[in-house]
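Enquirer: one predicted model, sequence on top.
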Amino acid sequence: MKIYYDNDADLSYLKGKKIAIIGYGIQGRGQALCLRDSGLDVVVSEMAGTPNFEQAKKDGFNPVSAAEAAAQADVIQILTQDHVQAKVYTEAIKPNLKKGKVLVFSHGFNIRFKQIKPPKNIDVIMIAPKGPGALVRRMYEEGKGVPCLVAVHQDASGNALKIALAYAKGIKGTTAGVIETTFAEETETDLFGEQAVLCGGVSELIKAGFDTLVEAGYQPEIAYFEVLHELKLITDLIQERGISGMRRGVSNTACYGDLSRGPRIITQKTRKEMKKILKEIVKGKFAKEWIGENVAGRPNFDRLLKEGDEHLIEKVGKQLREMMPWMKK
Ligand SMILES: NC(=O)C1=CN([C@@H]2O[C@H](COP(=O)(O)OP(=O)(O)OC[C@H]3O[C@@H](n4cnc5c(N)ncnc54)[C@H](OP(=O)(O)O)[C@@H]3O)[C@@H](O)[C@H]2O)C=CC1
Ligand SMILES: CC[C@](O)(C(C)=O)C(=O)O
């Protein structure tokens with residue numbers, strides 16, 4: 001395993017170069033602000049008339065079209081939604097690529113699943129922050145960073161890794177640790193993590209716990225505090241101290257309940273399903289389904305999202321959060 005920190009990265013590989021951030025969304029905003037504050041030259045692209053275009057202007061950028069940003073820049077970071085990247089690449093970026101330019105991703109989906117096939121005479125790299133864009137920015141402002149993964153898909157210049165590390169330093173990822181990987185490993189582990197654990201696994205676990213308590217007659221507000229609100233406090237402990245440290249930071253009663261009951265929740269059947277989900281990712285089945293879902297206008301995505309929004313836990317949570325003035329909106 002290769003892991004890099006501040007002393008391994010040299011910002012000068014990006015000095016004098018213009019960096020285009022295409023898409024001023026969750027990651028785009030976070031990364032653009034951090035890179036600019038690190039003294040780098042950033043041009044932002046966002047679609048005129050959208051809220052994120054207005055946000056970019058409010059943040060002191062002068063957003064331009066994707067084609068204009070790609071033409072101006074030496075380093076082109078594509079931070080539109082994954083499912084629109086191939087279109088933006090073909091229409092706006094590809095015509096503006098030439099030897100010496102660098103194409104950057106924060107997720108390897110479109111390279112791994114061959115939706116984008118860049119020319120051989122450019123560097124193609126990835127800097128994938130292992131955290132949401134708002135956190136990338138918040139941590140940077142606190143002098144810290146989110147851990148990142150870096151990967152090199154093409155090294156036409158011979159400096160691709162150094163440029164990737166400089167970029168990671170520009171968003172302070174090197175203060176937390178930057179691991180070298182491949183586009184395939186990042187894509188497959190990222191998709192697995194968000195489906196089985198971080199987003200899919202956790203949200204189903206929360207809802208199942210909430211429903212169990214509410215169906216047994218307990219107050220929904222108490223169920224919310226117990227299985228959702230407190231989860232962050234527990235995961236903060238896990239992040240800071242590991243699972244063993246968390247177990248020593250809760251009561252002995254909670255610790256024994258964890259050790260003896262946890263394996264009854266995540267059973268061999270769940271582990272088998274996790275393996276199945278990973279296989280679907282590696283074989284490209286999930287990618288094909290997701291690309292098809294977007295082509296079809298997202299019928300399942302929209303229906304499932306709406307169903308989730310209508311769950312009682314959302315109504316109860318909204319009311320309780322509104323009573324916490326310190327809660328970040
Ligand atoms: N969300 C996260 O924290 C993380 C994301 N990533 C990766 O980062 C990338 C970006 O994801 P994320 O930040 O979530 O995406 P978002 O949906 O938050 O932002 C994408 C932005 O791109 C804009 N956009 C779309 N088309 C164009 C275009 N033609 N020209 C200019 N701008 C355009 C969108 O505008 P509009 O909203 O109007 O459509 C939107 O503002 C993805 O590859 C993702 O996998 C990686 C790690 C974490
Ligand atoms: C966990 C979701 C994520 O993979 C992330 C914030 O890292 C994403 O794609 O948004």
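Expert: Noted; the coordinates are in hand. Ligands and ions are numbered 1, 2, ... in the order given.
Enquirer: identify the residues contacting the closest residue to residue 130 other than its chain neighbours.
Expert: Closest residue in space to residue 130, ignoring its immediate chain neighbours: residue 147 at 4.8 Å, by CB to CB, 6 or more residues apart in numbering. Where C-beta positions appear, they are placed from N, C-alpha and C, glycine not excepted. Counting by CB atoms under 8 Å, 6 or more residues apart in numbering, residue 147 makes contact with 129-131, 173, 176-179.
Enquirer: could you do residue 255 as well?
Expert: Residue 255 neighbours (CB under 8 Å, 6+ apart): 247-248.
Enquirer: need the max-distance pair from the contacts of residue 147.
Expert: 131 and 179 (13.8 Å; CB to CB).
Enquirer: flag every residue of this structure that's near ligand 2.
Expert: Residues of the chain lying close to ligand 2 (CB under 6 Å from any ligand atom) are 130-132, 190, 194, 198-199.
Enquirer: these in helices, which ones?
Expert: residue 190 (DSSP state H).
Enquirer: hang on, the earlier thing: separation between the residue nearest to residue 130 and ligand 2?
Expert: Distance, residue 147 to ligand 2, using CB to the nearest ligand atom, to the nearest Å: 11 Å.
Enquirer: what do you get for residue 85?
Expert: Distance from residue 85 to ligand 2, by CB to the nearest ligand atom: 13 Å.
Enquirer: then residue 182?
Expert: Taking CB to the nearest ligand atom, one finds residue 182 at 17 Å from ligand 2.
Enquirer: show the pLDDT at that residue.
Expert: Looking at residue 182, its pLDDT reads 98.
Enquirer: that one touches residue 128, doesn't it?
Expert: No. Taking contacts as CB atoms under 8 Å, residue 182 lies outside contact range of residue 128: 11.4 Å.
Enquirer: what touches both of those two?
Expert: With CB under 8 Å, 6+ apart, residue 182 and residue 128 have common neighbours 108, 151.
Enquirer: which bits of the stretch 1-150 of the chain sit near ligand 1?
Expert: 22-28, 45-47, 50, 52, 66, 79-82, 84, 88, 106-107, 128-129, 132-133.
Enquirer: using PyMOL, define a selection of the buried residues within the residues you listed.
Expert: Those of these that count as buried under 16 or more other CB atoms under 10 Å are selected in PyMOL with:
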select buried, resi 22+23+24+25+26+27+28+45+46+52+66+79+80+82+88+106+107+128+129+133
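Enquirer: so residue 154 touches residue 117, yeah?
Expert: No. Judged on CB under 8 Å, residue 154 makes no contact with residue 117 at a distance of 10.6 Å.
Enquirer: quick one: residue 36 and residue 42 touch, right?
Expert: Yes. Between residue 36 and residue 42 there is a contact under CB under 8 Å: 4.8 Å.
Enquirer: compare those two (neighbour count), which wins?
Expert: residue 42 (22 against 18; other CB atoms under 10 Å).
Enquirer: just confirm the more buried one is within a strand.
Expert: Yes. Assessed with DSSP: H, G, I helix; E, B strand; the rest coil, residue 42 lies in a strand.
Enquirer: skipping its backbone neighbours, what lies nearest residue 155 in space?
Expert: Using CB to CB, 6+ apart and skipping the chain neighbours, the partner closest in space to residue 155 is residue 123 (6.1 Å).
Enquirer: any idea of the pLDDT on the one you found?
Expert: The predicted local confidence for residue 123 is 98.
Enquirer: ok, residue 329 next?
Expert: 65.
Enquirer: same check, this time on residue 281
Expert: 98.
Enquirer: show me what contacts it?
Expert: 187-188, 191-192, 195, 287.
Enquirer: quick one, which of the residues you listed are buried?
Expert: In the contacts of residue 281, the ones that pass as buried (16+ other CB under 10 Å) are 187-188, 191-192, 195, 287.
Enquirer: list just the nearest of these to residue 275.
Expert: Among the buried ones among the contacts of residue 281, and counting by CB to CB, the member closest to residue 275 is residue 192, at 10.0 Å.
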